[in-house]
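In: here's my sequence, what's the structure:
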Amino acid sequence: MKPTKVIIDCDPGHDDAIALLMAHRMPEVDLIGVTTVCGNAPLERTTANCLRIMELLGATDVPVAAGCVTPLARPLVLGTADGPSGLDGSPYLPEPTMTLQDEHGVDFLARLLREADEPIVLAPTGPLTNIGMLLLKHPDVKDKIEKIVAMGGAFYRRDEYITPTEFNIFCDPEAASIVMESGLDITMVGLDVTMKVLVEEEQFTAIAAIDTHLARVVEDWLRFYEKLHRGQMGVGGALHDPLALAVAIDPSLVTTREAFVQIDRTGTHTFGATVADYWNLEGMPNNVKVASTVGADRFFEMLYASLA
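Out: Numbers count the residues shown, from 1 in each chain. Next up, the predicted model:
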C-alpha cells in the first residue's frame with residue numbers, strides 16, 4: 001500500500017514529539033515536511049525542540065520550517081502541560097545538525113503543496129495559526145489539501161476532566177474559525193477521544209518491555225508528562241497528538257459524527273469553545289467530522305510498533 005503523504009504542523013510538546021516519532025517510523029506515512037508554531041512554548045523553543053527531536057529520530061532529511069510567532073489576532077497564551085521549555089524532562093536530546101528552511105513556515109507549506117503531484121494530508125497538532133494563515137495568504141493551494149486532521153476541540157464534556165475549551169483552539173480561535181470555514185475535509189480529534197488514550201502503568205510496562213533506545217526515551221518523556229497530568233487532572237498522560245496523527249493515517253481508529261462547528265470568540269468562561277450543532281438547528285451545512293469514540297487498544301498497538 002502506498003504511504004500517505006503527510007505534513008505535520010506542531011508545537012513540541014511531549015505528545016507532539018511522539019506524533020513526530022510515529023510519523024517517521026510508520027511505514028504507512030511519508031512525512032514530507034514539518035512546520036512549527038507557537039503554543040506549548042514560544043516559537044523559538046518549539047522549533048528548537050522539533051529540530052532536536054528530528055535529530056534523535058534520524059529524520060534530518062525531512063525539511064523543517066518555523067511558522068508564526070504569535071496567534072493571528074491576540075497575544076500568545078502559553079501551554080503549561082509540557083513545562084516551560086515545551087519539552088521538559090528531555091536533557092539528553094542531541095543538538096541538531098540540520099538547519100531550518102530559509103522561508104517562513106506558511107510559505108513553506110504553500111510551496112510543498114504546490115509542488116506535490118497529489119493532494120497532501122495536513123496533521124496540525126498545535127494551534128491552527130499556520131494553517132489559518134496559509135488559507136488566508138495562499139488560497140490557491142486548497143485543492144492540494146486532501147484533508148486536515150487536527151488535534152483540537154472539546155464537545156461532549158461527559159467527564160469532569162473535559163473543560164469547555166481545549167488549548168489548541170483557545171490559543172488561536174480566529175485561526176481555528178478560518179480553518180472551520182474553509183470548506184475543506186476536516187476531522188477534529190479532540191478531548192472527547194484523546195482523554196481515552198491515557199498512559200497508565202499498563203502502558204508503561206508495555207513500553208518498557210520493548211527495550212529499544214526510542215522506547216526508553218519515550219518512557220522518560222511520558223514519566224515526566226504523566227506527573228503533570230496526574231497532578232492537574234488525576235489521570236495519566238493523554239496522547240492527544242499521537243492519536244490525531246494515527247487517525248490521519250487510519251480513520252477507522254475513531255468513529256465520527258458530522259456537525260456544523262463554530263468557535264466561541266467572545267465568551268467569558270467559554271472563550272475558544274468548539275460549538276457543534278449536531279441537530280442542524282441553524283440549518284447550516286456540516287463542516288467538521290467530530291471524533292466521538294476511539295479504539296484505544298489498537299492505537300496503543302500502533303504506538304508500540306513504532307517504538308520497536
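In: give me the residues contacting stretch 174-185.
Out: 71-74, 127-129, 131-133, 135-136, 142, 145-148, 150, 152, 168-169, 186, 261-263, 265, 272, 274, 287-289 (Cβ atoms under 8 Å, 6 or more residues apart in numbering). Backbone N, C-alpha and C define where each C-beta goes, glycine included.
In: please redo it, this time with the cut-off set to 6 Å
Out: Stretch 174-185 is contacted from outside by 72-73, 128-129, 131-132, 135, 145, 147-148, 169, 261, 263, 287, using Cβ atoms under 6 Å, 6 or more residues apart in numbering.
In: with stretch 195-207 instead?
Out: So stretch 195-207 is contacted by 215, 219, 222, 226, 235-239, 243, 294, 296, 299, 304 (Cβ under 6 Å, 6+ apart).
In: out of the contacts of stretch 174-185, which sit inside helices?
Out: 129, 131-132, 135, 169 (DSSP state H).
In: what subset of the contacts of stretch 174-185 is buried?
Out: Among the contacts of stretch 174-185, those classed as buried by 16 or more other Cβ atoms under 10 Å are 72, 128-129, 131-132, 135, 145, 147-148, 169, 261, 263, 287.
In: and the furthest pair within the residues you listed?
Out: Within those, two members stand farthest from each other by Cβ to Cβ: Leu72 and Lys147, at 22.2 Å.
In: just the strands in the stretch 1-150 of the chain please.
Out: Along the stretch 1-150 of the chain, counting by DSSP state E, counting those that start in this stretch, strands occupy 4-10, 29-36, 64-66, 120-124, 145-151.
In: could you dump those strands into TSV and include distance to Lys196 and mean pLDDT?
Out: Converted to TSV, the strands of the stretch 1-150 of the chain look like this (distance: least, Cβ to Cβ, whole Å; pLDDT from 0 to 100):
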stretch	distance to Lys196	mean pLDDT
strand 4-10	22	98
strand 29-36	23	98
strand 64-66	31	98
strand 120-124	19	98
strand 145-151	14	98
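In: contact partners for Thr129?
Out: Thr129 neighbours (Cβ under 6 Å, 6+ apart): 37, 68, 71-72, 172, 175.
In: nope, Arg74 is what I meant
Out: Arg74 neighbours (Cβ under 6 Å, 6+ apart): none.
In: try it again with 8 Å
Out: Per Cβ under 8 Å, 6+ apart, neighbours of Arg74: 172, 174.
In: what's the pLDDT at it?
Out: Arg74 carries a pLDDT score of 92 in this model.
In: what number of residues lie near Pro75?
Out: 6 (other Cβ atoms under 10 Å).
In: any idea how far Cys38 is from it?
Out: Pro75 sits 10 Å away from Cys38, going by Cβ to Cβ, to the nearest Å.
In: cool, Thr46 as well?
Out: Distance, Thr46 to Cys38, by Cβ to Cβ: 7 Å.
In: can you pull the residues that touch both of the two?
Out: Counting by Cβ under 8 Å, 6+ apart, the residues touching both Thr46 and Cys38 are Asp11.
In: name the helix or strand for Thr268, please.
Out: Assessed by DSSP states H and E, Thr268 sits outside every helix and strand.
In: what about it, how many residues nearby?
Out: 6.
In: ok, it to Glu103 distance?
Out: 39 Å.
In: try Ser252
Out: Counting by Cβ to Cβ, the gap from Ser252 to Glu103 is 36 Å.
In: the two: which has the busier surroundings?
Out: Glu103 (14 against 8).
In: show me what contacts that one?
Out: Each residue near Glu103 by Cβ under 8 Å, 6+ apart is listed here: 65, 111.
In: tell me how far it lies from Arg111.
Out: 7 Å.
In: check Asp143 too.
Out: 15 Å.
In: average pLDDT across the lengthiest strand in the chain?
Out: For the chain, the strand reaching the highest residue count under DSSP state E is reported as strand 254-263. Averaged over strand 254-263, pLDDT sits at 97.
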